[in-house]
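Asker: Here is a sequence with its predicted model. Questions after.
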Amino acid sequence: MNKQLFLQNLADLNTENKDVITLYNEISSLAMKCAGGISNTANKRNAYYLSMEFLIGRSFFNNLLELGVLNETKSILAEKGVDINVFEEIEDAALGNGGLGRLAACFLDSAAGLGLPLHGYGIRYKYGLFKQALENGCQVELPDDWQRFGDPWSVRREDEKREIKFADYTVTAVPYDMPVFGKRINRLRLFQAEGSEQAEKISEYLYPADDTEEGKLLRLRQEYFFSAATVAELLENYVKQHGRNFGNFPKLHVIQLNDTHPVIAIAEFIRLLTAKYRQPFATALSLARQTFAYTNHTVLPEALECWHEDYVKKILPDIADIIVKINIYAMREQTAAGCTEEEIAKMAIYKDKTFFMANLAVYVAKSVNGVAKLHTEILKNSLFATAHKIYPEKLQNKTNGITHRRWLELCNGEFSQLIDQTIGDGWRADISRLDGLKNYTAETVEKFIEVKRTKKQQLLKYIAEKEGVVVPDNFLVFAQVKRLHEYKRQLMTAFAVLDIYYGLKSGEIKDFYPSVFIFGAKSAPAYKRAKAIIKFINEIAAKVNADAQTNGLLKVVFVQNYNVSYAEKIVTGADVSLQVSTAGLEASGTGNMKFMLNGAVTCGTMDGANIEIVEFAGKQNNYIFGAEVDEIERLKREGYSPAALLNTPLCSRAVEALVNGEFSDGGTGGFKELYESLINGASWHAPDNYFVLYDLKSYFEALLSINADYKQKFAFAEKQLINAASAAYFSSDRTIREYADDIWKI
Ligand SMILES: *Cc1c(COP(=O)(O)O)cnc(C)c1O
């Protein structure tokens, strides 16, 4: 970065009578001009991160921070009468859905920060994840036209566009490069589909509705589109430099597949090597097996990509042939290794006219990783157990992380300064030094209490403005913010809150410390049950907040349009992080880490990275409850019937509230359907498939014990501070170092 040039030009910038969007574009463009180009490491080994999602959030503040000019920019603008916070008007680039997309963004940040050559490849969606509004307590989806603010951080690379062919039409993939700033400048390359109206559809929406054949095909086209554009580019650039001797390709490239969506890249890689570059199939397959690595993010069966062969044959017939052929090689190898037919069937890449993309990835990839210790164990012992037996060297763990630059330095300047005062600022460059905070003094705790108060005030003020719910800032703040899904059990929190409310009304709960429950979540547009849960929480909020008998003690807020920028506020202002997924189902979670880093205690189940969080921060400093994986497994085996639980007061009061007329679902039948899913099961699910009623009592009790403990302000703040001080491990700097050392070898 030419800092001098930037600051001089900024000082000279005329800001008068310019609107925020104009200023945003001018200042960002100036930073782009002064930042320098993408670091060139074409002759060295590079890692490529293929991801259907990059949940970047707002780039403005983060980029200025990474470029080392945020503070100066702030003061120069202030002198001109411009408050830098006006740029909060610029909306997030939400080219992702949740944790997986945010992880991709954190990884790019950390790699650049550590000076490692990792480049992101994905899709430049015209519309990101929809904007959520609440109408009458129901989610409504509005298009997210993020580019209307301009896109000053991207450069269109017309000269590097290429054609991507489907059986029925051809699409042009035009790259847009976003620099990722740090110790070096890496590239995030997002492809935009152009050429015809049909073509443009491919990069129009993140997650098109895929309940129709057309929707499914569109989704497949998206996956192929950016995967194909990426591998074509890498191979072409290689051939330009090295000719058609591909032996060195795997030495110079490692391609990390972020979940199962881009696994089709493997087939395309082989297709190009065989059809275009005339390599024998076995050579191409062998090159693929040295080049690709795969990360699994979920064990939920509905999220593993399985494609009926008809779909693939229809638009990508050559790819279908190649996957069939890979399957033959896989079966041959597995037979030779002595696998039984049953074992081979479990690892099948092609079976019952279906392509199993996760199995394809596991067979080809040189490394397969889970994203938290428990998750990796589950991969080894169940989801990929057979493959693990045959290919024991492949499976490994890489516990997720979050970038502490965005998730502490940027979003919590107050706490960052306190840390600087306490242990010096070395932690910013080397996060492992955060450990030093464990030697805190009483004075540090007192100062931390002040910081928390400030952040809470900021959050509650923002919520009052945005959501119209006023919460006094002495309230204890619980937060559950994440995508809405049954396995994440927002419904269980709703029930627990309802039980607290009833307990307060009846007088059974005494000496309750005033508390607010903050929810934030988007539901997939077609996920009816999730939408009913949103409505249910909002019904509870309306009732609880309006009840003068209790609303000095209990409030509920469902914030609209939860996104990265909202998360930056919530994780800093919350006291308690609610991470209550059914044990075994949350692969890792990263929201849990953001809260921890900002000094919130976790109230959660032994699931995902929660387990490691309490390993580092101590169980005694967190609130762990509920059934563990073994118990859930046992219940599934022996049969779990929630019916008996329904007679307990906690469950019956909460569950009956769904159907006894106390709350209205607006005539949709959504509440009755939720009720049915708990009592009788629905679609292919068992009754209470996610063990909401099973864990409700221990959850309720955990919440009350937190409530009681919070009255000891100092001791509670100490727990919070210890959590923050123990969070270094959860920086994505650590995660990226592990990927770089163990998988990428960069
Ligand atoms: C971190 C983050 C997530 C992931 O949250 P989990 O609690 O790990 O599911 C989802 N959405 C946004 C906007 C985030 O910042």
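Answerer: Thanks, I have the structure now.
Asker: Just the buried residues of the host helix or strand of Glu333, please?
Answerer: Using DSSP states H and E, Glu333 falls within helix 317-336. Under the neighbour-count criterion of 16 or more other CB atoms under 10 Å, helix 317-336 has 318-320, 322-327, 329-331, 334 buried. Yep, even glycine has a C-beta here, placed from its N, CA and C like the rest.
Asker: could I have that helix exported to PDB, CA atoms only?
Answerer: Coordinates of each C-alpha in helix 317-336 appear next as PDB, following Å, rounded to 0.1, in the frame of the first residue of the first chain:
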ATOM      1  CA  PRO A 317     -23.300 -35.800 -20.800                       C
ATOM      2  CA  ASP A 318     -19.500 -36.000 -20.800                       C
ATOM      3  CA  ILE A 319     -19.300 -35.300 -17.100                       C
ATOM      4  CA  ALA A 320     -21.800 -38.100 -16.500                       C
ATOM      5  CA  ASP A 321     -19.600 -40.500 -18.500                       C
ATOM      6  CA  ILE A 322     -16.500 -39.500 -16.500                       C
ATOM      7  CA  ILE A 323     -18.200 -40.000 -13.100                       C
ATOM      8  CA  VAL A 324     -19.300 -43.400 -14.200                       C
ATOM      9  CA  LYS A 325     -15.800 -44.200 -15.300                       C
ATOM     10  CA  ILE A 326     -14.300 -42.900 -12.000                       C
ATOM     11  CA  ASN A 327     -16.700 -45.200 -10.200                       C
ATOM     12  CA  ILE A 328     -15.300 -48.200 -12.200                       C
ATOM     13  CA  TYR A 329     -11.800 -47.300 -11.100                       C
ATOM     14  CA  ALA A 330     -12.900 -46.900  -7.500                       C
ATOM     15  CA  MET A 331     -14.700 -50.300  -7.500                       C
ATOM     16  CA  ARG A 332     -11.700 -52.000  -9.000                       C
ATOM     17  CA  GLU A 333      -9.400 -50.500  -6.500                       C
ATOM     18  CA  GLN A 334     -11.700 -51.300  -3.600                       C
ATOM     19  CA  THR A 335     -12.200 -54.800  -4.800                       C
ATOM     20  CA  ALA A 336      -8.500 -55.300  -5.000                       C
END
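Asker: tell me the pLDDT at Met1?
Answerer: Model confidence at Met1, given as pLDDT, is 87.
Asker: mind listing what it touches?
Answerer: Shown in contact with Met1 (CB atoms under 8 Å, 6 or more residues apart in numbering): 34-36, 67-69, 181.
Asker: Excluding chain neighbours, what is closest to Phe448?
Answerer: Once flanking residues are discounted, Phe448 sits nearest to Leu721: 5.0 Å by CB to CB, 6 or more residues apart in numbering.
Asker: cool, and Ile326?
Answerer: Ile349 (5.9 Å).
Asker: Only the buried residues of the longest helix along the chain, if you could.
Answerer: Assignment by DSSP state H gives helix 213-242 as the longest helix of the chain. Applying a neighbour-count criterion of 16+ other CB under 10 Å, the buried positions in helix 213-242 are 216-235, 238.
Asker: That one vs helix 317-336, what angle?
Answerer: 80 degrees (axes from the mean of the first three to the mean of the last three CA atoms, to 10 degrees).
Asker: next SSE after helix 213-242?
Answerer: helix 249-252.
Asker: neighbouring contacts of that next one?
Answerer: 43-46, 235, 238, 242, 287, 290-291.
Asker: Give me the subset of the residues you listed lying in helices.
Answerer: In this view, the contacts of helix 249-252 that belong to helices under DSSP H are 235, 238, 242, 287, 290-291.
Asker: Which one of those residues is nearest to the ligand?
Answerer: Nearest to the ligand, judged by CB to the nearest ligand atom, of these is Thr291 at 29.2 Å.
Asker: Leaving out chain neighbours, which residue sits closest to Phe616?
Answerer: Ser726 (4.2 Å).
Asker: contacting residues around the one you found?
Answerer: Ser726 neighbours (CB under 8 Å, 6+ apart): 435, 438, 596, 616-618.
Asker: go on, Tyr207?
Answerer: Neighbour list for Tyr207: 97, 129, 219, 524 [criterion: CB under 8 Å, 6+ apart].
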